[in-house]
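In: Just the structure for this:
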Amino acid sequence: MKKVCKLCKIFVEGTTCPICKGNQFTETWKGRIYVSNSEKSEIAEKVGLKIKGEYAIKTK
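Out: From the prediction side, this is the model:
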């Protein structure tokens, strides 16, 4: 199961979040968004995502 940073909602493979440098993760999430170009994505702009990557829509 993939783990997600509780604060940034980005999927993380290591032990540290690449965005906030935190280590608070959850494996309980729903939905995914993949941002390949945050500058051109209307969804990324509305949600406030500035870095490309795979994000969870909802975490617990």
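
In: Contact partners for Gly40?
Out: Heads up, residue 40 is Lys, not Gly. Neighbour list for Lys40: empty [criterion: CB atoms under 8 Å, 6 or more residues apart in numbering]. C-beta: built from backbone N, CA, C; applies to glycine.

In: For the chain, just list every one of the strands.
Out: Secondary structure of the chain (DSSP state E): strands at 3-5, 11-12, 25-26, 29-35, 53-59.

In: and the last one, what does it pack onto?
Out: Right, strand 53-59. Counting contacts by 3 or more CB pairs under 8 Å, 6 or more residues apart in numbering; DSSP states H and E, strand 53-59 packs against strand 3-5, strand 11-12, strand 29-35.

In: Equivalent analysis for the second one, please.
Out: For strand 11-12, the contact count by 3+ CB pairs under 8 Å, 6+ apart identifies strand 3-5, strand 53-59 as packing neighbours.

In: How about residues contacting that strand?
Out: Residues contacting strand 11-12 (CB under 8 Å, 6+ apart): 2-5, 18, 25, 32, 53-56.

In: filter the residues you listed to the buried ones?
Out: Buried by 16 or more other CB atoms under 10 Å: 3-5, 25, 53, 55-56, out of the contacts of strand 11-12.

In: Quick one: residues contacting Ser38.
Out: Shown in contact with Ser38 (CB under 8 Å, 6+ apart): 44-45, 49-52.

In: Turn the contacts of strand 11-12 into TSV, columns for pLDDT and distance to Val12.
Out: Listed next are the contacts of strand 11-12 as TSV, based on pLDDT from 0 to 100; distance: CB to CB, whole Å:
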residue	pLDDT	distance to Val12
Lys2	87	8
Lys3	96	6
Val4	97	7
Cys5	97	6
Pro18	94	7
Phe25	97	6
Arg32	94	14
Gly53	95	10
Glu54	96	10
Tyr55	96	11
Ala56	95	10
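
In: In a markdown table: the residues you listed, plus distance to Ser38.
Out: Below are those laid out as a markdown table (distance: CB to CB, whole Å):
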| residue | distance to Ser38 |
| --- | --- |
| Lys2 | 20 |
| Lys3 | 22 |
| Val4 | 18 |
| Cys5 | 17 |
| Pro18 | 14 |
| Phe25 | 22 |
| Arg32 | 15 |
| Gly53 | 9 |
| Glu54 | 12 |
| Tyr55 | 11 |
| Ala56 | 16 |
